[in-house]
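In: What would the 3D arrangement of this be:
(2 chains, ligands or ions: 4)
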Amino acid sequence: MSLILDHVSHWYSRDTAYEVKALDDVELTIGDGEFIGLIGHTGSGKSTLIQHLNGLLKADEGNIYYNGQDIYDKDFDLRELRTQVGMVFQYPEHQLFEETVFKDVCFGPKNQGLPEREMTLRAYEALKNVGLPEKCFEISPFALSGGQKRRAAIAGVLAMKPAVLILDEPTAGLDPRGRDEILDLIEEMHRHYGNTVILVSHSMEDVAKYVDRIIVMDGGRVRFDDAPREVFRHYRELEEIGLAAPQVTYFLHELSRRGIPVDTDATTVEEARDAILNYFGRAGRR
Amino acid sequence: MKIVEAKNVVYEYIKRDEEGNVESIEKALDHMNLVVEPGQVIAILGQNGSGKSTFAKHLNALLLPSEGSVLIDGLNVEEERKLNAIRQRAGMVFQNPDNQIIAAVVQEDVGFGPENIGIPADEIWKRVEKSLRSVGMWKYRTHSPNKLSGGQKQRVAIAGVMAMEPKCVILDEATAMLDPNGRREVKDAIMDLNRRKGVTIIWITHFMEEVIDADYIYVMDAGKVVMEGTPHAIFSRVDELQEHRLDVPQITLLAHELKQAGMPLPDGILTIEELADALRK
Ligand SMILES: Nc1ncnc2c1ncn2[C@@H]1O[C@H](COP(=O)(O)OP(=O)(O)OP(=O)(O)O)[C@@H](O)[C@H]1O
Ligand SMILES: Nc1ncnc2c1ncn2[C@@H]1O[C@H](COP(=O)(O)OP(=O)(O)O)[C@@H](O)[C@H]1O
Ligand SMILES: [Mg+2]
Ligand SMILES: [Mg+2]
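Out: Ligands and ions are numbered 1, 2, ... in the order given. So this is what the prediction gives:
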């Protein structure tokens, strides 16, 4: 199971005055069961890239292979692809349209042709998992607060149990606990089902905490593609392209600038704490 | 005079069936009290559904209180004939940029507000340029807004409000969709507006780091204020914040964890410099 992008380029408004080359010769292999973070400044092409992965946008140049099959082949079933590659869009309200929240979450499983009972169970489970209170199930999705709408949209995709789960800034608008809960949930599902996860995020802290591999986009191209601590070593270059390192990483660099030689590779609070305790513990014993 | 004075505000979303019978009542604000001095930077934090947006919509009369009162610069939001005066004083930037951009070209969108209130043309264009430059979108001035990515649209929306030169700007998660750089640019632009023009800022966000330099923080839950104080005081109360489903900035959390591991550190450390200084000692 894999997704391969082979020299993919995409233009918006090609051959007009507003032509934008949103993807520029992108080559990527996304292996089965990977947990990937996709980062990049606004307009770097993240949303454009992921919309290629379930066939919502078509590459102007290059090919995409899902499990070895060219998704642009005449006999490739794009509808089937969309039930396997589930996407939580950047603006969840665009994804909600049914009369009630519950019906909305049932939409995906229904399209997968699941029996009524299974569909209902999955919808209920997904809504519970994203932490929506039961009083929200039977109301219109438009009567939800911003964060509640996002939870509903995420539930709709989780209920489909897709082989590849793509989330475009899923935590934007969630309260801090909600953010942790949703990402923990996604991580847990990933561990349990071994599904592939692609997390588009503007939070360097979240990406550092959850993913195994970071892909950095810049101007439609892949700029870095590596493990978090390797990528965040390039924090100066990341800043030049509108990104940053996690706050704790900056803190460790500040300590090292002040002559306290801690391990500056830490990218999460736990790692930073250990790096500091490690240093001061040793210094104390000296 | 206070720029915002909200007293015992109650707001209920009432759902009715086809015959007009009340089906359910959602009390989104439950005796909300909040006072803002002109020129302050105020932050409002709170979990999803706690009533922040509902409150924000009272500040420019998009919603009117079911009970209690809201005064903006002394004007009661319920006085209909003062609606324009109120909306001119209190500019609002929302979470979703897509509902805020109307014109077909970026610079027209930013000029739309000032034009609507009869600002002379040459002054409009000065404001449009200044606002677009301050959010880093000047080079997109002739672009079509619906072809921009989410973060780019949001910066245009902020420029649109800034072009109105309001006395008070309310930002309801205006940075939720931006990249780190975009977030910093918007924050800098807004703080600059506050410092140079004395514009009052009401900043609603789920990013704790964004509000460490606010003058005062309100924490809402279940439609009312449950905590208030300076950033230092609020972020010293880690456990209480977490009970309200909130958090502290990453640096504050790191300091908290180091302290629990036995290092002698004060509470409420907010910045990298503070923590580095404290570790030195
Ligand atoms: N149009 C509406 N109709 C009915 N109920 C609503 C409506 N808008 C919001 N509510 C309800 O009012 C309460 C407060 O919502 P509000 O949007 O003010 O929350 P919030 O603090 O802004 O949340 P978030 O952090 O998710 O943006 C919630 O319980 C929500 O479900
Ligand atoms: N529907 C569209 N029409 C024209 N241009 C677009 C459209 N969507 C995005 N773009 C442009 O393509 C580039 C990449 O955008 P996008 O993929 O949305 O970036 P990101 O998701 O990383 O913010 C940007 O320059 C953006 O302005
Ligand atoms: Mg995007
Ligand atoms: Mg809100």
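In: Would you map the helices across chain A?
Out: Taking DSSP state H as the test, the helices found in chain A are A:46-53, A:78-84, A:101-111, A:116-129, A:146-158, A:176-193, A:204-210, A:228-232, A:235-240, A:247-257, A:269-285.
In: confidence score at B:A159?
Out: pLDDT for B:A159: 89.
In: domain parsing for chain B?
Out: With domains defined by automatic domain parsing, chain B comprises B:4-234, B:249-281.
In: quick one, which of these is nearest to ligand 1?
Out: Checking the domains of chain B against ligand 1 by Cβ to the nearest ligand atom gives domain B:4-234 as the closest, at 3.1 Å. All C-beta spots, glycine's among them, are computed from the backbone N, C-alpha and C.
In: So the closest one, near chain A or not?
Out: Yes: on the criterion Cβ under 8 Å from any Cβ of the partner chain, domain B:4-234 is in touch with chain A at B:13, B:15, B:24, B:26, B:46-49, B:53, B:95-96, B:98, B:143-144, B:147-152, B:173, B:176-183, B:206, B:208-209.
In: Between the two ends of that domain, how far is it?
Out: From its first residue to its last, domain B:4-234 covers 21 Å (Cα to Cα, to the nearest Å).
In: Then stretch A:28-36?
Out: 12 Å.
In: The closest residue to ligand 1 within the stretch 1-150 of chain A - how many residues pack around it?
Out: Ligand 1 sits closest to A:G147 of the stretch 1-150 of chain A, with a gap of 3.0 Å, by Cβ to the nearest ligand atom. Other residues within reach of A:G147 by the criterion other Cβ atoms under 10 Å in any protein chain shown amount to 29.
In: Hmm, A:P176 and it touching each other?
Out: No: A:G147 is beyond contact range of A:P176, at 10.7 Å (criterion: Cβ atoms under 8 Å).
In: where do the contact lists of those two overlap?
Out: Listed as contacting both A:G147 and A:P176 by Cβ atoms under 8 Å, 6 or more residues apart in numbering or on different chains are B:H206.
In: For the stretch 151-281 of chain B, just list every one of the strands.
Out: For the stretch 151-281 of chain B, the strands defined by DSSP state E, counting those that start in this stretch cover B:168-172, B:200-204, B:216-221, B:224-229.
In: low-scoring pLDDT stretches of the stretch 51-200 of chain B, where are they?
Out: B:97, B:149-151 (pLDDT under 70).
In: what residues does it put near ligand 4?
Out: B:S53 (Cβ under 5 Å from the ion).
In: Enumerate the residues of the stretch 51-200 of chain B near ligand 1.
Out: Counting by Cβ under 6 Å from any ligand atom, the residues of the stretch 51-200 of chain B close to ligand 1 are B:51-54.
In: rerun that using 8 Å as the cut-off
Out: Within the stretch 51-200 of chain B, the positions adjacent to ligand 1 are B:51-57, B:95, B:172-173 by Cβ under 8 Å from any ligand atom.
In: closest to A:Y66 among these?
Out: B:Q95 (33.9 Å; Cβ to Cβ).
In: which ones are touching the closest residue to that closest one other than its chain neighbours?
Out: Using Cβ to Cβ, 6 or more residues apart in numbering or on different chains and skipping residues adjacent in sequence, the residue nearest B:Q95 is B:E173, 4.3 Å away. Applying Cβ under 8 Å, 6+ apart, one finds that B:E173 lies in contact with A:146, A:173, B:94-95, B:204-206.
In: Among the residues you listed, which pair sits farthest apart?
Out: B:F94 and B:H206 (14.4 Å).
In: who's more crowded, these two?
Out: A direct count of neighbours by other Cβ under 10 Å for B:F94 and B:H206 places B:H206 higher, at 27 against 21.
In: burial measure for the closest residue to that one other than its chain neighbours, as a count.
Out: Closest residue in space to B:H206, ignoring its immediate chain neighbours: A:D175 at 5.5 Å, by Cβ to Cβ, 6+ apart. Other residues near A:D175 come to 23 when the count uses other Cβ under 10 Å.
In: How about the backbone phi and psi for A:D175?
Out: Phi and psi for A:D175, reported as degrees, to the nearest 10, are phi -70, psi 160.
In: right, and it touches A:G147 too?
Out: Yes: applying Cβ under 8 Å, one finds A:D175 in contact with A:G147, separated by 6.0 Å.
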